[in-house]
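A.B. asks: After the sequence you'll find the predicted model.
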Amino acid sequence: MPAQPTPAPLTPQDTAPQGSTARPPRRRALRALRLDPSASALLFLFTVPLALGIALTAGASLREAFGTAFAVGVAAGLTGGSAVVRATAYGVLRRAGNALPAADRRPLRLRRGAARPGATVHTRSDCRPWTPWRHHHCVRQQSAAGPDEAPDAPAQLLGGVIAFQRETAPLVREELARLAREGQRPGQLFLTCADSRLVTSMITSSGPGDLFTVRNVGNLMPPPGSGTGCDSVAAAVEYAVEVLKVGSITVCGHSGCGAMQALLEMAASPAGHGLAPADQTPLSRWLRHGRPSLARMQRIGHLGRGEVALAERPVADDAERLALVNVMQQLDHLMAHACVARRVAEGALQLQGMYFHVGEAQAYVLDRRSRTFTAVRPGVLHAA
């Protein structure tokens, strides 16, 4: 695996509550309020005609319309020009109003001209700019003159919690309070892999109370009779189906799955297959539930042909083909459970398969009739 960039350890200044007067030692704090005359003028020139047109359309007199438009333009120019709009270390533009969030109180070290020798320079490639909730996870390149430092994972996690409490909790507190009073009523069970790159709420645009989520290595659904050590997934499915009365179950596989790669390696080197369960590792024992998927794939011919396919391109390799076949196999395992089969027969439950390609940021849904995974596109209906 390629070396991962080392996250910057959080300091008391990074985690200080908003309004704190703490400053990083020997660093000039970025001023939170700057007036930009050019930005103010542009906002004024833009908003005055717009406000004038709206006022006249609403039936105001010409004098009233001019007065309103002028006031709106002045207000927009002052607030827009005084707001902090800066290129952060995350490679995005952030408007922070009259105060910088605590996690953003790191000095901007990029200046005109060359950087100081040994200085830490943030660039777009250093960080992950794709979501506002990742501001606290900006990673820094190591100084050329400084020693290597191990990532401070607990502090990084705490920084994320602090960012949640500061920025997200106020937005979701009312909805979470409602869910706490009324209880959860998710409409769907989502069974997927434990891979950190699969953020279920992100790829499904869901929020609190929407998905009942089950995650494990390889998005596996052990069939009935697999042993008491595998009851966790079956118990979650039973609870979702019988108690929560979900209307659908989705099995979602993904590209680059380590479990699928491990199954392929086991097939290439079957020496460990004859070991007694007590002599196997927990991971090896768990992956035995993926062997039916491997056997099913081995019955398929060339890549992209036969039992499973992608509608828009050939299947890339055996690992991707196994991930696709595994989704279908786990749907069959689900149907082997009595509670699932009964609800499906009653028309109260639907099963669907999904595949997420991490590198493409693209979801594919399974058409079970044609055994084809089709890319999800805006405005296009997909058969289950």
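C.D. replies: Structure received.
A.B. asks: can you map out the strands along this structure?
C.D. replies: Ranges of strands in the chain, per DSSP state E, are 85-87, 93-95, 188-193, 211-216, 248-254, 309-310, 350-357, 362-367, 372-375.
A.B. asks: Which strands or helices does the fifth one pack on?
C.D. replies: In other words, strand 248-254. Strand 248-254 is packed against strand 188-193, helix 318-335, strand 350-357, with contacts defined by 3 or more CB pairs under 8 Å, 6 or more residues apart in numbering; DSSP states H and E. Glycine gets a C-beta too; all of them are placed from N, C-alpha and C.
A.B. asks: The fourth one now?
C.D. replies: In terms of contact count using 3+ CB pairs under 8 Å, 6+ apart, strand 211-216 is assigned the packing partners strand 188-193, helix 200-203, helix 231-238.
A.B. asks: Would you mind saying which of those lies nearest residue 260?
C.D. replies: Across the helices and strands packed on strand 211-216, residue 260 has its closest neighbour in strand 188-193 (9.3 Å, CB to CB).
A.B. asks: what lines up beside the closest one in the sheet?
C.D. replies: Next to strand 188-193 in the sheet, as set by DSSP bridges, lie strand 211-216 (parallel), strand 248-254 (parallel).
A.B. asks: which residues touch the residue nearest to residue 255 when sequence neighbours are not counted?
C.D. replies: Leaving out its chain neighbours, the residue that sits closest to residue 255 by CB to CB, 6 or more residues apart in numbering is residue 357, at 4.5 Å. Residues in contact with residue 357 (CB atoms under 8 Å, 6 or more residues apart in numbering) are 254, 255, 363, 364.
A.B. asks: Give the residue spans of the stretch 201-350 of the chain that score low on pLDDT.
C.D. replies: Residues of the stretch 201-350 of the chain meeting the criterion pLDDT under 70: 228-229, 270-277, 301-306.
A.B. asks: same thing but 50
C.D. replies: For the stretch 201-350 of the chain, applying pLDDT under 50 flags the ranges 302-304.
A.B. asks: Switch the strands of the chain over to JSON lines; also include distance to residue 166.
C.D. replies: Shown next, in JSON lines, are the strands of the chain (distance: least, CB to CB, whole Å):
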{"stretch": "strand 85-87", "distance to residue 166": "19"}
{"stretch": "strand 93-95", "distance to residue 166": "14"}
{"stretch": "strand 188-193", "distance to residue 166": "28"}
{"stretch": "strand 211-216", "distance to residue 166": "25"}
{"stretch": "strand 248-254", "distance to residue 166": "31"}
{"stretch": "strand 309-310", "distance to residue 166": "42"}
{"stretch": "strand 350-357", "distance to residue 166": "30"}
{"stretch": "strand 362-367", "distance to residue 166": "31"}
{"stretch": "strand 372-375", "distance to residue 166": "37"}
